[in-house]
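Undergrad: any chance you could fold what I've pasted below:
(one chain, ligands or ions: 1)
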Amino acid sequence: MTHQAYIRGIGYYAPEKVLTNADLEKIVETSDEWITTRTGIKERHIAAPGETVSDMAAEAARRALADAGLPADAITHIFLYTVTPDYYTPSAACLMEEKLGIRGKVVQDVNAACCGYIYGLEMARAVIALHPEAKVIVAAAEVLTSRTNFSDRRTCVLFGDAAAAAVVTAEAASGKARVVDARLASDGSLGHLLTIKGGGSGHPYKLGDVVDEEFFLQMNGPEVFKHAVRSMAAVGEEIMAAHGLTNDDIALFIPHQANLRIMEAVARKLALPPEKIMSTVARFGNTSASTIGIALVEARNAGRIPAGGKVLLGAFGGGFTWGSALLQF
Ligand code: ACO
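TA: Residues are numbered from 1 along each chain as shown. As a prediction, the model looks like this:
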């Protein structure tokens, strides 16, 4: 028998410091009006000096564990999705494990860019099918501002720092979501359109080198925009068709929170009305892998998910990677 996977607890953490569009007007030549109309973003949270991905992921995990009613030591696996780990080694997942006060678990960092949360739910589902006793933390955390070029107005207005986590287990419980299905995809031939190269083996630095622009996130915004809309809509249609669902069957759509215009364009293609889109992008900006986890907590806490409702998740990110997941509450 294949065991089902349930999201037993969720949580997120956003650093205290907030950078508003007005603050950015003092850093680069931009305006609140440009950022708001092009992206829907009004402000984003910024990690404190020295605050790392493993710090933030551990805090999000503590909150998800409290929500699940489980002690940290019950956890068997930690999958930490990030493109901005504390270090190359040790992994941020190992550091996170230590910060949770536990050891001996199966832990790893994974890079699926902005699709981390959805990729993670599918990996947790696979682990639980094999090991029904597993209790998996799917964490998604980014300190994207550590790789943001604050002299490039085309990118620096978009990103923020945050972490989200979900505790996934085989036990059903009322009010918890079943991970019904996920569809994941990628296309490495388009990877050059969104990169963070510097410091990798393909773009190494020697001792004493000054970091260059390649150290930071670089993106062809309009191309990413086009592919994001196309791919997220296609994979959303695919998962809905596979389960015989129409737009009426979806209670809420939680897309990756990169840009409100992308989210609205995908929803239009899926024939989902604006009131079914969950958006937190105005307050957090694009926090890469963690955006969907944050929006899921906010949606639940705001009463946006009815009992028995189906929630569609959609993501697109660097790589390119993209995917969709279906939750049944
Ligand atoms: N303030 C003011 N003007 C700006 C700014 C800014 N912050 N940024 C760019 N501009 C200017 C450009 O220089 C350009 O001026 P020009 O015509 O004189 O050269 C003009 O605005 C238009 O630039 P475009 O890049 O064509 O603007 P566009 O409407 O495409 O919006 C944006 C840019 C917001 C980046 C959009 O392309 C986008 O959202 N793309 C998708 C990005 C995304 O979602 N990435 C994340 C997905 S993957 C992940 O999450 C990591």
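Undergrad: burial measure for residue 152, as a count.
TA: 15 (other C-beta atoms under 10 Å). All C-beta spots, glycine's among them, are computed from the backbone N, C-alpha and C.
Undergrad: ok, it to the ligand distance?
TA: Counting by C-beta to the nearest ligand atom, to the nearest Å, the separation of residue 152 from the ligand is 9 Å.
Undergrad: excluding its backbone neighbours, what's nearest that residue?
TA: residue 216 (7.2 Å; C-beta to C-beta, 6 or more residues apart in numbering).
Undergrad: try residue 45
TA: Nearest non-adjacent residue to residue 45 (C-beta to C-beta, 6+ apart): residue 14, at 4.1 Å.
Undergrad: residue 292 too?
TA: residue 117 (4.4 Å).
Undergrad: ok, the one you found - how many residues close by?
TA: 30.
Undergrad: so it: helix, strand or coil?
TA: When classified by DSSP: H, G, I helix; E, B strand; the rest coil, residue 117 comes out as helix.
Undergrad: surely it is in contact with residue 294?
TA: No. Here residue 117 lies out of contact with residue 294, judged by C-beta atoms under 8 Å, at a distance of 9.2 Å.
Undergrad: need the residues touching each of the two.
TA: Residues touching both residue 117 and residue 294 by C-beta atoms under 8 Å, 6 or more residues apart in numbering: residue 164.
Undergrad: number of residues surrounding the residue in the stretch 101-250 of the chain that the ligand sits nearest to?
TA: The nearest approach of the stretch 101-250 of the chain to the ligand comes at residue 221, 2.8 Å away (C-beta to the nearest ligand atom). Counted with other C-beta under 10 Å, residues neighbouring residue 221 total 15.
Undergrad: distance of the nearest residue to it once chain neighbours are set aside from residue 256?
TA: Among residues not flanking residue 221 along the chain, residue 154 sits closest, at 6.0 Å (C-beta to C-beta, 6+ apart). Distance of residue 154 to residue 256, given as C-beta to C-beta, to the nearest Å: 19 Å.
Undergrad: residue 272 now?
TA: 15 Å.
Undergrad: out of these two, which sits in the busier spot?
TA: Ranked by neighbour count (other C-beta under 10 Å), residue 272 and residue 256 place residue 256 first, with 31 against 21.
Undergrad: doesn't residue 318 make contact with that one?
TA: No. Counting by C-beta under 8 Å, residue 318 is not a contact partner of residue 256; they are 11.4 Å apart.
Undergrad: between the two, which contacts overlap?
TA: Contacts common to residue 256 and residue 318, judged by C-beta under 8 Å, 6+ apart, are residue 114.
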